[in-house]
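Trainee: Provided below are the primary sequence and the corresponding predicted coordinates.
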Amino acid sequence: MSYIHGYDPVTLREQVDPRECKDRLEEIGEQRSLPALLERVWLLKVLGRLEDSLVLSEQSVRVARMAGTRKDLLRARILHASVQQYRGAFAAAEQELATCAYEAEGQEWNGIAAFAYQHLGRVHYDAGDFGAARSDFKRALFLRQESGATDDQLESTLLAIDAADRRRSNASVAS
């Protein structure tokens, strides 16, 4: 079940039903498996519980490093960086996401690379660098197309490209 009901066209943040997310968080409880940890991190993030999400994301990176695959570790690092983005730590998030994107591309893990570029674009977008955001979103779109992504994933990336274009145009008009 997807808890994402769409994306805000201005902020590009996930639109969720908080009640559904809280219910799922309670259902997961204190499970310690890596998938449960990652899901808890994401749920806490979208619910705005960023300090809890940060602590748990750091734990998930450690668990992935000790007991997961390289792909698991990349996913955990990308999610950790997205929590940093939500907290406004753009430089740290940008560095981590760029590293993850390059590593995933080097391994030809296009789906993971696209996920990293999508989040990297969101960091640039939040930081006001709409040109870089657009470039990252375009790279994510290409990689998602290459990896056979779902229509929902492609649509979210197209929405992000459009939003970056609009914001870039508005910024140039205001100058």
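Mentor: Cool, the structure landed.
Trainee: what strand or helix carries Leu74?
Mentor: Using DSSP states H and E, Leu74 sits in helix 70-86.
Trainee: got the contact list for the residue most central in space within the chain?
Mentor: Compute the mean C-alpha point of the chain, and by CA atoms, centre = their mean the closest residue is His119, 4.1 Å away. By CB atoms under 8 Å, 6 or more residues apart in numbering, the contact list for His119 reads Ile78, Ala81, Ser82, Gln85, Ala93, Leu97. Backbone N, C-alpha and C define where each C-beta goes, glycine included.
Trainee: can you verify my assumption that the fifth one contacts Gln84?
Mentor: Yes: under the criterion of CB atoms under 8 Å, Ala93 lies in contact with Gln84, with a separation of 4.1 Å.
Trainee: mind checking which of those two has more residues around it?
Mentor: The residue with more neighbours, out of Ala93 and Gln84, is Ala93; 26 against 23, by other CB atoms under 10 Å.
Trainee: where's the more buried one relative to Lys138, distance?
Mentor: Ala93 sits at a distance of 19 Å from Lys138 (criterion: CB to CB, to the nearest Å).
Trainee: what does Asp8 give?
Mentor: Look at Asp8 and Lys138: by CB to CB, they are 20 Å apart.
Trainee: of these two, which one has the most company?
Mentor: Lys138 (16 against 11).
Trainee: so what touches the host helix or strand of the more buried one?
Mentor: Using DSSP H and E, Lys138 sits within helix 130-147. For helix 130-147, contacts defined as CB under 8 Å, 6+ apart pick out 101, 105, 110-111, 113-115, 117-118, 120-122, 124-125, 153-154, 157-158, 160-161, 164-165, 167-168, 171.
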